[in-house]
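Participant: Please find the sequence and the predicted model below.
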Amino acid sequence: MRALPLSWGITVVRLMAGLIITVAALEKFNAGGFGTFTGVVSGLGIPGAPFWGVFIPLLELIGGLMVLLGLYARWVAVLFVVEYFVTSFLLKVPRQPPFGGWDSMRIDLMLWAAAIMLVLVGPGAFALESLLRRRGRRGVFSAAVGR
């Protein structure tokens, strides 16, 4: 049996990670928005709660959509590598369930791994940025030959 190109597997992981992250942002907005999430962040004892209470939902909404679409996904994934490292190892390891412990960390660890993959190998061939890059090259080539 012949294997599919690696870009198909990368695309599946990118799409699912982008979907999960985007839905997580929408859940934050539906649960009370910035104010409520800022209260959660503050309750965890995180310094700069007013900043993080706005930044994280926006990062997850905008960045999640960028990952989903494959638009600058490698760059936004760097921010998700940091976010999911912090949530997994600094926030959830020292706490007991339901906000801490293994059951609480599993999705964060998977999203951390997906973000690391995106940083290392990019979004795959089926990403909006790949399409834009190909179109840009064609445009440059067409202009160079006088079309």
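Facilitator: Yes, it's here. Residues are numbered from 1 along each chain as shown.
Participant: Residues touching the longest helix along the chain, excluding its own?
Facilitator: Secondary structure of the chain per DSSP state H: the longest helix is helix 6-30. When contacts are taken as Cβ atoms under 8 Å, 6 or more residues apart in numbering, the neighbours of helix 6-30 outside the stretch itself are 36-37, 56-61, 63-70, 73, 80, 107, 111, 114-115, 117-118, 121-127. C-beta coordinates here come from the backbone N, C-alpha and C atoms, glycine included.
Participant: Repeat that for stretch 81-89.
Facilitator: Under the contact criterion Cβ under 8 Å, 6+ apart, stretch 81-89 has outside partners Ile56, Leu59, Met105, Asp108, Leu109, Leu111, Trp112, Ala115, Ile116, Val119.
Participant: The first one and Val40 touch, don't they?
Facilitator: It stands for Ile56. No - at 9.8 Å, Ile56 does not count as touching Val40 under the criterion of Cβ atoms under 8 Å.
Participant: Show me what the helix or strand containing Leu120 is packed up against.
Facilitator: Secondary structure assigned from DSSP states H and E places Leu120 in helix 101-121. Secondary-structure packing of helix 101-121 (3 or more Cβ pairs under 8 Å, 6 or more residues apart in numbering; DSSP states H and E): helix 6-30, helix 73-85.
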